[in-house]
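S.K.: Can you look at this prediction? I've put the sequence above it.
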Amino acid sequence: AQSVTQLGSHVSVSEGALVLLRCNYSSSVPPYLFWYVQYPNQGLQLLLKYTSAATLVKGINGFEAEFKKSETSFHLTKPSAHMSDAAEYFCAVSGGGSNYKLTFGKGTLLTVNP
Amino acid sequence: GAGVSQSPSNKVTEKGKDVELRCDPISGHTALYWYRQSLGQGLEFLIYFQGNSAPDKSGLPSDRFSAERTGGSVSTLTIQRTQQEDSAVYLCASSLPPGGGSQETQYFGPGTRLLVL
C-alpha cells in the first residue's frame, strides 16, 4: 500500500522568495515519485519525477526535488518564486512497473504575493 | 502534438440520470487511466486500460460506474443513476505502456467537471 502526505494545504510566499512544498510518502516497494501542478480549470502537468536514478531531480520552470529515503520525503523547492507559480501542487507515488496507479496527496495551494 | 482531450468540459445533470464522459488519449499511448478529483476525497484512481488486457477496475466506487475503451483508443466513462456525491472533476490520462523498469509519465487531460443537481 502507498500513501502520500503533503504538509500544508496552503502555502503563501512573496515573489522572489524560496518555495518549499513538503511531501512525505509511504510505500512497501521502492517508490516512483512525482510532482504535478494544476492551474485553475486545467488538468495536471508533470513538473518532475523520481524513478530511482539521481536523488536530486530537476524539473520544469526552475523546480527541483530531492528524494530522501531515510526521511521518506520528496520535498519540492524553487529558489525564487514568480507570480506565475501560483497554482495547486500535487505529490504522487506509484510502485513503478506494473504498479502503475498514482496515489496522490491532498495538494498544496501556492499563493505568490507581489 | 495533440494532448489528451476530454469532452464535455462541463456537464450538469439531474440526480438519477446517466452520463457519459469521453477521453481521447495521445496517439500511440496504449495505457489509459481515469481519475476523479473531488473536494472531499482529493484525486482518486478509478480504472486503467492497457492494450487488450483486462482493465483494472479496482478504483471504481460502485457498480454504477463503468468504462470501456474501443479500438484501443477512445474511452468512455459511464455513470448510471447519478447521485449528488458523484459531482467531481473526472480526469483522464494516458501514457506509454508501464513496466520495463521505467515509470512512464501519465499525461492528463483538462477534465470533465460534473455537477449532479
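M.R.: Everything's here; your move.
S.K.: residues contacting B:Q83?
M.R.: Taking C-beta atoms under 8 Å, 6 or more residues apart in numbering or on different chains, we find B:Q83 in contact with B:K15, B:R64, B:V116. C-betas here are computed from N, CA, C, even on glycine.
S.K.: ugh, wrong one, I meant A:L33
M.R.: A:C23, A:Y25, A:K49, A:Y50, A:A65, A:F67, A:F74, A:C91, A:A92, A:V93.
S.K.: closest to B:L60 among those?
M.R.: Closest approach to B:L60 among the contacts of A:L33 (C-beta to C-beta): A:A92, at 19.6 Å.
S.K.: Report the separation between the closest one and A:V112.
M.R.: With distances taken as C-beta to C-beta, to the nearest Å, A:A92 is found 23 Å from A:V112.
S.K.: now B:G42
M.R.: Distance of B:G42 to A:V112, computed by C-beta to C-beta: 23 Å.
S.K.: Need phi/psi at B:Q84.
M.R.: Dihedral pair for B:Q84: phi -60, psi -30, per degrees, to the nearest 10.
S.K.: per-residue confidence at it?
M.R.: On pLDDT, B:Q84 comes in at 96.
S.K.: do the same with the one 4 residues further on
M.R.: Here the pLDDT value assigned to B:A88 is 96.
S.K.: Give me the below-cutoff pLDDT ranges for chain A.
M.R.: Residues of chain A that meet the criterion pLDDT under 70 lie in A:96-99.
S.K.: who in it is up against chain B?
M.R.: Within chain A, the positions near chain B by C-beta under 8 Å from any C-beta of the partner chain are A:32, A:36, A:41-46, A:49, A:51, A:90, A:92, A:94, A:96-98, A:100-107.
S.K.: Pull out the buried members of these.
M.R.: In the residues of chain A next to chain B, burial by neighbour count holds for A:32, A:36, A:43-46, A:49, A:51, A:90, A:92, A:94, A:96, A:100-105, A:107, counting by 16 or more other C-beta atoms under 10 Å in any protein chain shown.
S.K.: ok now do the residue nearest the centre of chain A, which residues does it touch?
M.R.: Nearest to the mean C-alpha position of chain A, by C-alpha atoms, centre = their mean, lies A:W35 at 3.3 Å. For A:W35, the contacting residues are A:21, A:23, A:46-49, A:59, A:63, A:65, A:74, A:76, A:89-92, by C-beta under 8 Å, 6+ apart.
S.K.: residue contacts, residue 74?
M.R.: Assuming you mean chain A. A:C23, A:N24, A:Y25, A:L33, A:W35, A:Y50, A:A65, A:E66, A:F67, A:K68, A:C91.
S.K.: not what I meant, chain B
M.R.: Neighbouring residues of B:V74 by C-beta under 8 Å, 6+ apart: B:R22, B:C23, B:D24, B:P25.
S.K.: on that earlier part again, and the contacts of B:Q83, which is closest to chain A?
M.R.: Of all the contacts of B:Q83, the one sitting nearest chain A is B:V116; the distance, using C-beta to the nearest C-beta, is 19.1 Å.
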